[in-house]
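>>> when you get a sec, could you give me coordinates for this:
(chains A and B)
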2 protein chains.
Amino acid sequence: MAAELVKNFVGRTVPAEVNGKKQVPYLGNGKYRPEGHRYGPPLVCAEDYPADGNKVVPNLKEALQAAGLKDGMVISTHHHLRNGDLVANEVFKIASEMKIKDLVWFPSASFPCHAEIIKYLDDGTIHHIEGSMNGPLGKYCSMGKMRGTAILRSHGGRYQAVEDGEVIIDIAVLAAPEADAFGNANGLHGPSACGGLGFGLADSQYAHKSIIVTDNLVPFPCIPMQLHGNYIDYVVVVDKIGIPEMIVSGTTQITKSPDRLLIAELTAKFIEAAGLIYDEFSFQAGAGGTSLSIGIYIHEILKRKGWRARWSIGGTTKYSTQMLEEGQLEYMLDGQTFDHNAVESMDKNDNHYAISVFHTYDYHSKGFYLSMMDVVVLGATEVDVNFNGNVITHSDGLLLHGIGGWQNCLFAKCTILPIPLFRNRMPVILDQVTTLVGPGSMVDVIVTERGIAINPLRKDLIDKTRHSGLPIKTIEQLKAEAEAICGKPAKPELEDDIVAIIKWVDGTVIDSVRKVKTK
Amino acid sequence: MAAELVKNFVGRTVPAEVNGKKQVPYLGNGKYRPEGHRYGPPLVCAEDYPADGNKVVPNLKEALQAAGLKDGMVISTHHHLRNGDLVANEVFKIASEMKIKDLVWFPSASFPCHAEIIKYLDDGTIHHIEGSMNGPLGKYCSMGKMRGTAILRSHGGRYQAVEDGEVIIDIAVLAAPEADAFGNANGLHGPSACGGLGFGLADSQYAHKSIIVTDNLVPFPCIPMQLHGNYIDYVVVVDKIGIPEMIVSGTTQITKSPDRLLIAELTAKFIEAAGLIYDEFSFQAGAGGTSLSIGIYIHEILKRKGWRARWSIGGTTKYSTQMLEEGQLEYMLDGQTFDHNAVESMDKNDNHYAISVFHTYDYHSKGFYLSMMDVVVLGATEVDVNFNGNVITHSDGLLLHGIGGWQNCLFAKCTILPIPLFRNRMPVILDQVTTLVGPGSMVDVIVTERGIAINPLRKDLIDKTRHSGLPIKTIEQLKAEAEAICGKPAKPELEDDIVAIIKWVDGTVIDSVRKVKTK
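Next up is the predicted model:
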């Protein structure tokens, strides 16, 4: 591709056009204001749907045909079945057999189980992917093998793109652990139970055609209705939509690494010392090993103080569920449910409340929850001395992760990145991140096993923790310590070709990902 | 007004243009297909909303000013506070004080408590009303006193008009018995508890600006979220949004009239004889005295047979709540909650599930629940020998009622109208209804205290009840019996002026209401 390149607000070079569509470079927060109206799908009439409410068609192929599948369409899926998903691959297998070409896959995320998609990128069925890529597909993209340019968005950015009409979904194929023939669906019950289905909400509301695929059809009404049949065109019943043990883990694991445990402990101590935790506070912690540990420390602080968190957003697990049940957390707002305990909790406990990225993360909404949140704890593959963060590429330049809710979470009142100072002898703090996914002005604290760096913009946090006894250092000091041990890291070897762009939460382009040099 | 008049599919004369907007005459069901896209309100950006989620403004006047209230705007309200609503009058009182002119009031229904609105129609603040009118306002309209032409829609038709962009709501003012500062709201808790808030759903989603007015502000998050703060611009806290005893009745009353009880009993017997009731069937019965009685009879039949209804739609009361609790009803889908028991049930019982008119009634949706329903029992002010029904005008021509969900319910598999053969010595079965609100082809059975008439189109029902021993008669026989007692009814004395139009569920015009002659 030879599109014109422009420099954006954070100094990154990004293309002015991608896949034939004009792009707006990142202008700084609040500077790009969308014009026009929220997208509305074509008007429909109930007379075109079965009066008895039975939208079941014999199989997915017939549903796709009825939905008018043709070359060039945008096909969306959600990722609630995670690495156990059996539906997305099947969609493109059918499309490939039908000799359909140039589709755009618009998943809310992809996992290693979607490596089969490479076949359909190779044979021309899929032109490119717009969505978070995890593992093999990211690597494929990094190698420059995808015909089109990948577009990565945050979870909230995906909702924004759909509601703005930036992405028009032709067909949404929505896996549902429980559904009725009218298309009402939830993720709470059945062999493939996964908890909430919030990542499919935008798809169901805005897609021109929506297909529910379930292995657990129940009589109308399927309650609760996380997705509403009034938005659904067809229902397909299959033997199996997912591999249960890959959808939710039986037990989510806290980290056993002594370094990671130290990072978790330092993070919790920082949160307490800085006064970020208080009675009725709010927080989001993820389901990774270190995050889980931090959650446990927070739980302990609350118990010790006799406090209660008012609300959290999950990524829910048995640990956050425990906090809810033991009374240290009042409301658990859940966009994604990670283990069996959490699925059961969502089903039984009214204070464990299913929400979607529209509510928590959508920047083109009348406010969103994340900006009200006291503390968010996030990961990163790299940060730089300006606190810019990278979560998608590794230091060798390979795109191996999606953005997830990472960008959206930066809007919290305090954003903390607990990260190891090096991984496989590669320093994690650099002069400049390989890919800039979030601007440094929004990252407040970096916690490593050898010290804590506070963003100079956060004078309040610096003041509050000055006499805490915690190992507060400058980010340059941390970088120097890492380099003293591992040496100055080599830059990744990249070509000029842009293989992917990274969108900011407002639909503008914050960075580009370049092809990794192969020898 | 001197707009061109056209004859529609059911032979009624309707204006080609109303309030300066072109109208489509009713063409028959499924004949008018909407073109274009679902309406989308202007895009917004979270940067324009407080990052801490606090949208509270000092009072309703400031909220209206902030929302840009100006001449000619469309202002919507919901009717969940029924005859106890204190919010709608206040909106127009403020507008009147601000010398705002020519507003359109777009309520989901109005009640006698809204008689004060007449003042704001008289002083020019309001140009006309688009919405169901109950009592004084309907009478005012009938007398030709409203400057613009009233537009009456069914509950489902109101959602359709909003999603089609036929009505663009400038400002929605949504009373909420419980809300947080972000604008999440429900009707379950607090001094003005009313149950669900589903009639405000379209307003919150599609209005350009939405204001929540509450007398019970709780800390974020307000759970459950029947309305979502992501759609809300401002929150106003007032002392009192409603008069509790007028919002929900302490006890809903079954009829004591021997004639009405007989009609209820005959209706239940007919339902049983025609095989309309069976294990796992579905039904909707209203909250009027006769309907409640019918519900109790249905409950008894289910108990006797050892059956259970799978789902019902309410208008919920302590009687339907009892059915749910005693196990003769599995799911109670609730669009409107009429008494204290029902409010409490919705709060406590997961099988008592809040839904909205979008789900049950919306004709421009991918199907709606009502067409799946086995039996619906409805009222009527008049029917005619062709089974056409009227629910809005009386035989003197006065517009005194709204359409409610009546038109939408005609889509059920069997529609039964239990009505007295005469009211105040005025026969209810006529040669021609004063106002045609629903076409006779969709009305299946009329049950009176002197016999039951089955629509000749429903040969199946005629066959099934032939040997039932029930007093099955032709509608002409029933009409003759009434006239033998009361004499031939006089026609209402009407002028040519059209004071209101009646929309069908698809947005076309099914009839006009004419000015009542005053001497």
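>>> can you pull out the helices in the stretch 351-500 of chain A?
For the stretch 351-500 of chain A, applying DSSP state H, counting those that start in this stretch gives helices covering A:357-361, A:406-409, A:459-465, A:475-486.
>>> show residues contacting the longest one.
Contact partners of helix A:475-486, identified using Cβ atoms under 8 Å, 6 or more residues apart in numbering or on different chains, comprise A:383, A:385, A:387, A:421-422, A:425-431, A:446, A:448, A:450-451, A:453, A:489. Where C-beta positions appear, they are placed from N, C-alpha and C, glycine not excepted.
>>> so where's the stretch 301-450 of chain A uncertain?
Judged by pLDDT under 70, the stretch 301-450 of chain A has no weakly predicted residues.
>>> I'd like to know which residues of it are adjacent to chain B.
A:310-311, A:331, A:333, A:350-351, A:353, A:355, A:358-359, A:362-369, A:371-372, A:411 (Cβ under 8 Å from any Cβ of the partner chain).
>>> which residues touch the helix or strand of chain A with the lowest mean pLDDT?
For chain A, using mean pLDDT, DSSP states H and E, the weakest element among its helices and strands is strand A:282-285, scoring a mean of 89. For strand A:282-285, the external contacting residues (Cβ under 8 Å, 6+ apart) are A:277, A:291-292, A:294-295, A:298, A:309-315, A:320, A:370, A:372-377, A:409, A:412.
>>> if we go by neighbour counts, what in the helix or strand just after that strand is buried?
Following strand A:282-285 in sequence order, the next helix or strand is helix A:289-305 (DSSP states H and E). Neighbour counts using 16 or more other Cβ atoms under 10 Å in any protein chain shown place A:289, A:290, A:291, A:292, A:293, A:294, A:295, A:296, A:297, A:298, A:299, A:302 of helix A:289-305 among the buried residues.
>>> nearest to chain B among those?
residue A:302 (16.9 Å; Cβ to the nearest Cβ).
>>> correct me, but the closest one touches residue A:277?
Yes - assessed by Cβ atoms under 8 Å, residue A:302 is found in contact with residue A:277 at 7.3 Å.
>>> between these two, what contacts are shared?
Counting by Cβ under 8 Å, 6+ apart, nothing touches both residue A:302 and residue A:277.
>>> how near is residue A:51 to chain B?
Residue A:51 is 4 Å from chain B, where distance means Cβ to the nearest Cβ, to the nearest Å.
>>> where in the stretch 1-150 of chain A is pLDDT low?
By pLDDT under 70, the low-scoring segments of the stretch 1-150 of chain A are A:1-2.
>>> which residues in it form strands?
A:5-7, A:13-15, A:17-18, A:21-22, A:56-57, A:74-77, A:103-107, A:126-129, A:150-152 (DSSP state E, counting those that start in this stretch).
>>> and of those strands, who's closest to chain B?
strand A:56-57 (12.6 Å).
>>> adjacent strands (with direction) for the closest one?
Next to strand A:56-57 in the sheet, as set by DSSP bridges, lie strand A:234-237 (parallel).
>>> who touches the partner strand?
Residues contacting strand A:234-237 (Cβ under 8 Å, 6+ apart): A:55-57, A:59-60, A:63, A:66-67, A:179-183, A:209-215, A:217.
>>> write a ChimeraX command that selects only the buried members of these.
The following ChimeraX line selects those of those that are buried, judged by 16+ other Cβ under 10 Å:
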select /A:55,56,57,60,63,67,179,180,181,182,183,209,210,211,212,213,214,215,217
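>>> how far out from the middle of the chain is the least confident helix or strand of chain A?
Centroid separation for strand A:282-285 versus its chain: 16 Å, with Cα atoms, centre = their mean, to the nearest Å.
>>> run a quick neighbour tally on the nearest residue to residue A:509 once chain neighbours are set aside.
The shortest distance from residue A:509 to any non-neighbouring residue, by Cβ to Cβ, 6 or more residues apart in numbering or on different chains, is to residue A:14 (4.2 Å). By other Cβ atoms under 10 Å in any protein chain shown, 24 other residues sit near residue A:14.
>>> how much space separates residue A:14 from residue A:277?
Note on residue A:14: its distance to residue A:277, by Cβ to Cβ, to the nearest Å, is 38 Å.
>>> got the domain ranges for chain A?
Split into domains by automatic domain parsing, chain A comes to A:49-127+A:167-247, A:258-496.
>>> now the stretch 151-300 of chain A against chain B: closest residue?
Counting by Cβ to the nearest Cβ, the stretch 151-300 of chain A gets nearest chain B through residue A:230, at 4.3 Å.
>>> tell me the secondary structure at that residue.
helix (DSSP: H, G, I helix; E, B strand; the rest coil).
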